[in-house]
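1. Sequence first, predicted model second:
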2 protein chains.
Amino acid sequence: MESSRTPEHPRRRTPQAQRKSESRARLIDAAADLFARKGFHAVSAEAVAEAAGRTTGALYSHFGGKEGLLLALLEVWKERTSEELAAEIAAGDPADPAVHFSAMWGSLTRPHPEHGDSWLLLETELWLHAARGPLIGDRLAQRYTEIRAQLGEGLADWAKATGTPLARTPEETGALVLGILLGLSMQHRLEPRAVPDGLVIEALGTVLGLGRSA
Amino acid sequence: MESSRTPEHPRRRTPQAQRKSESRARLIDAAADLFARKGFHAVSAEAVAEAAGRTTGALYSHFGGKEGLLLALLEVWKERTSEELAAEIAAGDPADPAVHFSAMWGSLTRPHPEHGDSWLLLETELWLHAARGPLIGDRLAQRYTEIRAQLGEGLADWAKATGTPLARTPEETGALVLGILLGLSMQHRLEPRAVPDGLVIEALGTVLGLGRSA
DNA sequence: GTCTATACGTCGATAGAC
DNA sequence: GTCTATCGACGTATAGAC
C-alpha cells in the first residue's frame, strides 16, 4: 500500500537517536534470525544481543525483555510481509495467473536474499506462539485476516480485469490460496520432491475456478 | 497396515515390567500434552516427570534425556495418527465424499476426547523441530510421506469404486488434500470464522476433480 | 542509551540408596 | 527401575558506571 522507504524510521536525525533506532533494528533482525532458526525459548536474550552487536542492557532498555522483543518483531514482520505481498501482487502479469502463483510459491520455497530460508520457520514459530496465547494470538489473527483480504481482493481485481469469473468470494478465495500455499510449503520443506512446483500452480488455478490447462 | 492391538505393549506381563511399560506410556503422554501446550524448550524434564507421576530419574532411565523423550513421542505419534487416519478412511461412506472430508476436517478442528485441542499444536511443534534438524526431520518426512500415500491410495480406491476418475495421481492427490487440511486448519485455529466448514469440504471436492455441487 | 557486573532462579543431568 | 539429593551450567533481569 505504501511506498518503500530507504532504511528504517523516517523521523528524527540526531546521531544519538540514529544509534537508538539502529539498535532497535539490529536487535529485531537478530531476533528474527535466531528465533526462526532455533526457536524463541531455545535462544537466550544474551545470544540475541550478541548477534546484534549489543548487550542485554540495550535489549532490556528497548523492549523490556525477550517477550517484548518478540512482540516488536511481530509488528515489523507484519509490515514487511504485507509490503512484499502487495508488491508481488502489483508486479504480477495480468494476463497469466500462473506467473503470479509461481512468484508467490517461489517466495515461500526459495531462499530469501535477506532472511535466508528461515521465512517459513519464523512464520510457523509465530503461529505457535499465537495459538498458545491471546497476546500474540490476536495480533497474528489480525495479520492473517489482512493477508487473506489482500490476496482475495488482488485476485478479484485480476479476475474482473480479465473477465474471468471467480468461483468464490474474495475472502474465501484468500483463505484457500493462503491455506494451499501454507500447507504445501510445509510439506515441501520436509520433502521437496513430494510437492512439485507444477502441482502448486495447477492446484491454485483449479481452486480459483480456472481451466486446468496450464 | 497392521491390526490395532488393545492397550499398549503386547509382550511381557510381570508386574515389574508392567510398571516399566506404564511409566513409558505415562511419560510420553505427559510429554505430548506439555510439549504441545507450552513447547518443547519451555517445558522442563522435571515438569514432564511430575505430570506423569514419576521423577526425572525414571525419565532419564527410560529415554536418556528430554531429547530422547521427544523422539519416543514422535514414534508413538506416528503410530497413533496413522491408525486413526486408516480407521477414518475405512469408516467413510463410499457414496458421499463430503462425509469423508467432513470427518477429516472435524478431527483436525474439533477437540479430541483424549488429547484435547492440542492435536494441531503438537503437529506444528514437531514440524518445527523437524525443519530445524535432520534427526527429527528425516523421521517426520517419512511420516508425511506415509500419510500422503494413505490418503492418496484411499481416495484412489474410492474413486475407482464409484467410477469417478481422479484428476491427479494418488501421490499428488494426497499432498494436496493434506496441504489444504493443514493450511486451512492453521488459519481456522486463529480465526475460525475465516474458514467455514463448507469451504473446506467444497475445496477438497474441487481439487479432486469432482463436481462443485455439494 | 549502552555497557559491565552480578544476583537469583531454574534447568539438564548424574550419583547413590532402596 | 525408581527415588532423593545435588552439582555445574545457563538464563532472566537488574543496578550502577559512563
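-> Nice, thanks for sending it over. In this text, all values refer to a predicted model and were calculated from it rather than measured experimentally.

2. lowest-confidence helix or strand of chain A?
-> Among the helical and strand segments of chain A, the one scoring lowest on mean pLDDT, DSSP states H and E is helix A:97-109, with a mean of 87.

3. check contacts around the nearest residue to residue A:42 once chain neighbours are set aside.
-> Sequence neighbours aside, residue B:41 is the residue nearest to residue A:42 in space, at 4.6 Å (criterion: C-beta to C-beta, 6 or more residues apart in numbering or on different chains). Any C-beta I mention is one placed from the backbone N, CA and C, and that applies to glycine too. Each residue near residue B:41 by C-beta atoms under 8 Å, 6 or more residues apart in numbering or on different chains is listed here: A:39, A:40, A:41, A:42.

4. Relative to DNA strand D, how far out is residue B:41?
-> To DNA strand D, residue B:41 is 10 Å away according to C-beta to the nearest atom of the strand, to the nearest Å.

5. On the three-state scheme, that residue is what?
-> Put simply, residue B:41 is helix when judged by DSSP: H, G, I helix; E, B strand; the rest coil.

6. who wins for most neighbours among the contacts of residue B:41?
-> residue A:40 (22 neighbours; other C-beta atoms under 10 Å in any protein chain shown).

7. Output the least confident helix or strand of chain A as PDB, nothing but the C-alphas.
-> In PDB, the C-alpha atoms belonging to helix A:97-109 read as follows (Å, rounded to 0.1, in the frame of the first residue of the first chain):
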ATOM      1  CA  PRO A  97      -2.100 -16.100 -13.400                       C
ATOM      2  CA  ALA A  98       0.500 -19.000 -13.400                       C
ATOM      3  CA  VAL A  99       3.300 -16.400 -13.300                       C
ATOM      4  CA  HIS A 100       1.600 -14.800 -10.400                       C
ATOM      5  CA  PHE A 101       1.200 -18.100  -8.500                       C
ATOM      6  CA  SER A 102       4.700 -19.200  -9.400                       C
ATOM      7  CA  ALA A 103       6.200 -16.000  -7.900                       C
ATOM      8  CA  MET A 104       4.200 -16.500  -4.600                       C
ATOM      9  CA  TRP A 105       5.200 -20.100  -4.400                       C
ATOM     10  CA  GLY A 106       8.800 -19.200  -5.100                       C
ATOM     11  CA  SER A 107       8.900 -16.600  -2.400                       C
ATOM     12  CA  LEU A 108       7.800 -19.300   0.100                       C
ATOM     13  CA  THR A 109      10.200 -22.000  -1.000                       C
END
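
8. neighbouring contacts of it?
-> So helix A:97-109 is contacted by A:84, A:88-89, A:91-93, A:119-120, A:158, A:181, A:185, A:188-189, A:192, A:197, A:200-201, A:204-205, A:208, A:210, A:214 (C-beta under 8 Å, 6+ apart).

9. Check stretch A:170-177 too.
-> By C-beta under 8 Å, 6+ apart, the surrounding residues in contact with stretch A:170-177 are A:147-153, A:155-156, A:166-168, A:204, A:207-208, B:180, B:184, B:187, B:194-196, B:199, B:203.

10. And stretch A:85-92, by the same measure?
-> Contact with stretch A:85-92 is made by A:1, A:4, A:99, A:100, A:103, A:104, A:107, A:147, A:150, A:151, A:154, A:158, as judged by C-beta under 8 Å, 6+ apart.

11. how about TSV for those residues, with distance to DNA strand C and neighbour count added?
-> Shown next, in TSV, are those (distance: C-beta to the nearest atom of the strand, whole Å; neighbours: other C-beta atoms under 10 Å in any protein chain shown):
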residue	distance to DNA strand C	neighbour count
A:1	30	7
A:4	24	8
A:99	43	14
A:100	41	22
A:103	37	14
A:104	37	22
A:107	32	16
A:147	32	19
A:150	34	20
A:151	37	23
A:154	39	21
A:158	44	19
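
12. which residues touch the residue nearest to the spatial centre of chain A?
-> For chain A, the residue nearest the mean C-alpha position is residue A:81 (3.8 Å; C-alpha atoms, centre = their mean). If a contact means C-beta under 8 Å, 6+ apart, then residue A:81 has A:143, A:147 as its contacts.

13. quick one: average pLDDT of stretch A:195-206?
-> Mean per-residue pLDDT for stretch A:195-206: 95.

14. In it, which residues are buried?
-> Neighbour counts over stretch A:195-206 (16 or more other C-beta atoms under 10 Å in any protein chain shown) mark A:195, A:199, A:200, A:201, A:202, A:203, A:204, A:205, A:206 as buried.
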